[in-house]
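Participant: Below is the structure, and that's it, no one-letter string:
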């Protein structure tokens, strides 16, 4: 994966304006839509079972997020997911809060079992809970825990047969064979709600234009991290309100040059 | 329609603080409420069938928006719409994404058939789909297409028997006989989610204090466009995050003098 | 209640990061989560009956808000509330719009009757409607009315057997015996949607770490008001968009020293 590919993938998103169908939680809808617009993608939301499959079919990618799940939305997610699978639309899954309640954990596992998911993104605790590994969890935000994140990601990729993205202080992208570590990003992201959810949707936008899912995911993570780095450098001391605003600005402004200069990615060649 | 009427209508909104009952999509609720507050209106949201009619009855206007429709909300929209019709409360309708899925198109058409709608606002593709004309559509955002927007608006007004507002690079307001073109506004509006939805609710606020629906709609569009122009002039280069914030500021600040100086409206006298 | 206790309670929130389970309306979810994160609490949202009780059990506090209620969410609120009661998790209730429709008023009263509520917070009209007193109401925002707010609060506390917080130009906190008046805060708060709802969730965060509910409520109100005062002093003339952003900044920045200097609280010793 050459570094120049990352900027090229970003460029492709901006040229093709992929339609990203988000079935996401009620906390982050607005921020997700604005983040995708800033990137240059076209967001759409449609949660009813009466239209979810129709929308998924015409989308460039489908993003499923269980942050405020309920039986109606989950039913619609299955319909949309099956339609996406049938039409070759990549499905990106964010198991928000898996492990916090049995309903979330069960739903996350069922979605993984019954749909062909292209990329799953979560923090370490969420991914661990999806694959049945023990990890500490508190609410839906904190999931650093103590384990070896790379080992967890590789195990999860093998079990789930998809690309696994675990985000945290360092981000891991793996399909179980090839693994990358991305170190862009800034701690203030954890003080703004929905930054994880939006990242998942951004991966959706990149996966909507690039079939190599490792490349799409790494490009999305570096793009997102560079935008956060730039926003934080400019404005983090002012507080999370200002950061949220500036982060949206930077999502619209990160250039190919920024990607080439600031992207911080390395291939993982060590053991786990 | 004298230009001074536009500022007067804005003034009336600020004096009367109309209660705008919004039954809208989950992406834009917060932005809609904040935009209406900035204007000087009183927003209320109530989507349950158990109370939608009761709320509509006491409102100054009712705004229906199908951006994230589902059967429960649609049922409640019909109840609220019938109550509004019975009590003389103007109903404003935003057919978000009509044409994107059969469910949306059908629901939009049923709402138009069974309720007495005062004003419908959408982009050209959405309005075309409501009246069964062909127009390109992609997702819920893009709807410029290639046709003659004025012709479409007039045709739609004749078929739908209501005021039709089509927004885009230029905005058209018509009841099928009298037509105005508004050219305020700025392209960066398309980079912030919910700016179309909020505009529909702003039309609702103006229609809540002014019975002449052409005047109410033109006043709402110019007010909104002037606020966008002022915000963009001040801050657009910074990005969509800053614009969103400044746009809310300007919605609270556009004065009668601003309206008199900057409103860009012309009556359409040409053929179609 | 010594003034130093207020800053200590804020400090405790930041050290313990209480998990606040919010079952709230769709207008304010994002703002509520960001406000709680800025404070230093951990927000979680979970509205489905399939998991609401499980989430409430593990939370530090449960916040119920009926701003956009529907039968599904109300059923889940009862389940979560019963679980919270059983596990000693304090329940904070915001009767948004009580009085605006019979459904809201009835639901608010049922929730108060069937659950053990620790703190109820609303404007005067909402609280009056919950306890069956006459008060003017318009929509969900305006509730100053003409009555004696302190008298209303004390009466409500006696009837409802919980701490009552009535917010307005001055805020009243009472358990029916001991009453405090907080005069921090700024009128521009009424131009940003969800500032009342977020305040209720902030009370939830404080009640999650401090068992003395009068102390928790007074500390929450002064903290919130000081943040608003600081944000308004810095930025209010720019408009409500800028204020919303700066208010989130200040929620993350109010220090113990700020609390000690700016908190404006007095015990009420007069008659009612």
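Facilitator: Happy to help now that I have it. Bear in mind the structure is a predicted one, so any value in this text is a computation, not a measurement.
Participant: Below-threshold pLDDT in the stretch 101-250 of chain A: ranges please.
Facilitator: By pLDDT under 70, the low-scoring segments of the stretch 101-250 of chain A are A:136-147.
Participant: if we go to 50?
Facilitator: Along the stretch 101-250 of chain A, segments meeting pLDDT under 50 span A:138-146.
Participant: What parts of it come near chain B?
Facilitator: Within the stretch 101-250 of chain A, the residues that sit near chain B (Cβ under 8 Å from any Cβ of the partner chain) are A:244-250. C-beta: built from backbone N, CA, C; applies to glycine.
Participant: where do the strands sit along chain A?
Facilitator: For chain A, the strands defined by DSSP state E occupy A:19-23, A:42-45, A:61-65, A:91-94, A:119-122, A:163-166, A:171-174, A:179-182, A:265-267.
Participant: I'd like those laid out as a markdown table, including distance to residue B:39 and mean neighbour count.
Facilitator: Shown next, in a markdown table, are these (distance: least, Cβ to Cβ, whole Å; neighbours: other Cβ atoms under 10 Å in any protein chain shown):
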| stretch | distance to residue B:39 | mean neighbour count |
| --- | --- | --- |
| strand A:19-23 | 29 | 28 |
| strand A:42-45 | 25 | 26 |
| strand A:61-65 | 32 | 30 |
| strand A:91-94 | 35 | 29 |
| strand A:119-122 | 39 | 29 |
| strand A:163-166 | 42 | 27 |
| strand A:171-174 | 42 | 27 |
| strand A:179-182 | 43 | 21 |
| strand A:265-267 | 46 | 13 |
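Participant: Out of the ones you listed, flag the one nearest residue C:204.
Facilitator: Of all the strands of chain A, it is strand A:61-65 that lies closest to residue C:204, at 24.4 Å by Cβ to Cβ.
Participant: So is that closest one next to chain C?
Facilitator: No. With Cβ under 8 Å from any Cβ as the criterion, chain C is not reached by strand A:61-65; the gap is at least 12.3 Å.
Participant: Tell me how many other residues surround residue A:269.
Facilitator: Other residues within reach of residue A:269, judged by other Cβ atoms under 10 Å in any protein chain shown, total 6.
Participant: Kindly report the residues of chain A close to chain C.
Facilitator: Listed as neighbours of chain C in chain A under the rule Cβ under 8 Å from any Cβ: A:25-31, A:67-71, A:97, A:100-104, A:138-142, A:190-194, A:238-242, A:244-245.
Participant: Pull out the buried members of these.
Facilitator: Using 16 or more other Cβ atoms under 10 Å in any protein chain shown as the burial test, the residues of chain A next to chain C include A:25-31, A:67-70, A:97, A:100-101, A:103-104, A:139-141, A:190-194, A:238-242, A:244-245 as buried.
Participant: re earlier: now render the strands of chain A as a markdown table, adding distance to residue B:83.
Facilitator: As requested, the strands of chain A are exported to a markdown table (distance: least, Cβ to Cβ, whole Å):
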| stretch | distance to residue B:83 |
| --- | --- |
| strand A:19-23 | 31 |
| strand A:42-45 | 27 |
| strand A:61-65 | 35 |
| strand A:91-94 | 39 |
| strand A:119-122 | 44 |
| strand A:163-166 | 48 |
| strand A:171-174 | 51 |
| strand A:179-182 | 54 |
| strand A:265-267 | 58 |
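Participant: Ok, which of those comes nearest residue B:182?
Facilitator: Taking these one by one with Cβ to Cβ, strand A:42-45 is closest: 25.2 Å.
Participant: Say whether chain B is contacted by that closest one.
Facilitator: Yes. Using Cβ under 8 Å from any Cβ, strand A:42-45 reaches chain B at A:42-45.
Participant: Looking at the residues you listed, which one is closest to residue B:62?
Facilitator: For the residues of strand A:42-45 next to chain B, the nearest to residue B:62 is residue A:45 (22.3 Å; Cβ to Cβ).
Participant: Burial check on residue A:148, number of neighbours?
Facilitator: For residue A:148, using other Cβ under 10 Å, the count is 12.
Participant: what's the spacing between it and residue C:93?
Facilitator: Distance of residue A:148 to residue C:93, computed by Cβ to Cβ, to the nearest Å: 44 Å.
Participant: got a list of what residue A:251 touches?
Facilitator: Going by Cβ atoms under 8 Å, 6 or more residues apart in numbering or on different chains, residue A:251 touches A:35, A:38-39, A:224, A:227.
Participant: Take those and keep only those in helices.
Facilitator: Within the contacts of residue A:251, residues falling in helices by DSSP state H are A:35, A:38-39, A:224, A:227.
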